[in-house]
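Visitor: Output the structure for:
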Amino acid sequence: MLELALVLVILGLIIVVTVSAIMEHQTSSQKKQVSHRMNEVAEWLRLQHAQTQSYEGILPADWVTQDAGMHYQISLATKPIAASDPNTQFPALGPAAYTLQAVPEEADECGTLLLDHTGRRGVTGEGASVAACWGP
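Guide: Model (predicted):
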């Protein structure tokens, strides 16, 4: 009986570790997917700026719709956003500046992912690190 209980405990630990690793991998994949999409949107905005001399406008719907499994909504910030670093402010949309924001469907430690017209990345999660949230 004791051996059976020990086997069940070990099996339970293996399952917990496996499920945790799978969930972490899914979260990492989602963040990679949204960062890739944000970079695509930023490139589109740069091309629009080259043609119109302004970042103001509406993003095409297919750039901001959620891809299967992405779980983030991408939009242009309409007001300045303070990042997790209190000394870092991201600009609102204007003729010469923009900030893309990717708001997660469910709260996570990174909060909203930010990308501005200079390529600067940020996060709004308290205590969150840009490197950990955006990855390499």
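
Visitor: What residues does residue 116 make contact with?
Guide: Listed by C-beta atoms under 8 Å, 6 or more residues apart in numbering, the contact set of residue 116 reads 90-91, 97-100, 122. Bear in mind the C-beta positions are built from the backbone N, C-alpha and C, glycine included.

Visitor: Leaving out chain neighbours, which residue sits closest to the one residue sitting closest to the centre of the chain?
Guide: Central residue of the chain (C-alpha atoms, centre = their mean): residue 113, 4.1 Å from the mean position. Leaving aside its chain neighbours, residue 113 sits nearest to residue 102 (4.2 Å; criterion: C-beta to C-beta, 6 or more residues apart in numbering).

Visitor: Could you give the bridge partners of the one you found?
Guide: residue 74, residue 113 (DSSP bridges).

Visitor: Report pLDDT for it.
Guide: On pLDDT, residue 102 comes in at 91.

Visitor: With the one 5 residues further on instead?
Guide: On pLDDT, residue 107 comes in at 83.

Visitor: mind checking how far it is from residue 78?
Guide: Between residue 107 and residue 78 the computed distance is 21 Å (C-beta to C-beta, to the nearest Å).

Visitor: Repeat that for residue 18.
Guide: From residue 18 to residue 78 the distance is 42 Å (C-beta to C-beta).

Visitor: Same check on residue 42?
Guide: Distance check for residue 42 against residue 78: by C-beta to C-beta, it reads 17 Å.
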